[in-house]
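Engineer: Here is my input, please return the structure:
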Amino acid sequence: EELAGRLRSLESERDEYKQLYVSMLEAYRKLEAGLVGQKRERFAEGGEQTTLELLSMLTGQAAEEPPTASTQVEAHERVKPTGRKPLPDSLPRIHVEVLPPDVQRAGLDAFDRIGEDVTETVEHRRASLVVVRTVRPKYVW
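Structural biologist: Numbering: from 1, shown residues only. The predicted model follows:
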């Protein structure tokens with residue numbers, strides 16, 4: 001029973017490392033294509049990074065909150081959103097295919113391709129935007 005528990009924990013650990021390997025392989029393929037990743041800053045939700053709040057905290061004065069005013073809006077019917085619009089065809093596209101490690105080891109001839117997951121994201125290149133089309137094929141024995 002103890003060995004079975006140990007085996008389950010090792011299998012879950014192996015699966016985590018396999019998933020990490022696949023994500024790193026995808027990041028490597030993007031770096032090969034000259035893509036550098038996100039260029040924007042991200043701030044925490046708390047607001048502790050703003051200078052005014054830090055100054056008010058240091059001086060002991062409470063920060064003034066803006067008054068909240070409520071307004072009446074007459075009822076209307078909302079249009080149902082249709083989702084995201086497709087990325088424009090004018091942007092250059094880079095094709096990245098990430099094969100699972102089992103398929104790489106045994107070769108493509110040992111598996112049947114049954115589908116794929118396709119993700120398109122906009123990435124930055126020097127002075128341009130590029131659409132990266134990441135394909136993750138699905139295989140069965």
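Engineer: From now on I want contacts and neighbour counts done on CA atoms only, so please keep to that.
Structural biologist: Will do.
Engineer: what about stretch 106-122, average pLDDT?
Structural biologist: Stretch 106-122 shows a mean pLDDT of 88.
Engineer: Now do the buried residues in that stretch.
Structural biologist: By neighbour count on 16 or more other CA atoms under 10 Å, the buried set for stretch 106-122 is Glu120.
Engineer: Next: stretch 25-35.
Structural biologist: In stretch 25-35, the ones that count as buried by 16+ other CA under 10 Å are 25-27, 29-30, 35.
Engineer: could I get these as CSV with distance to Gln72, secondary structure and pLDDT?
Structural biologist: Output for these, formatted as CSV (distance: CA to CA, whole Å; DSSP: H, G, I helix; E, B strand; the rest coil; pLDDT from 0 to 100):
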residue, distance to Gln72, secondary structure, pLDDT
Leu25, 53, helix, 88
Glu26, 50, helix, 86
Ala27, 49, helix, 85
Arg29, 53, helix, 85
Lys30, 50, helix, 82
Leu35, 48, coil, 75
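Engineer: Closest to Val103 out of those residues?
Structural biologist: Leu25 (13.9 Å; CA to CA).
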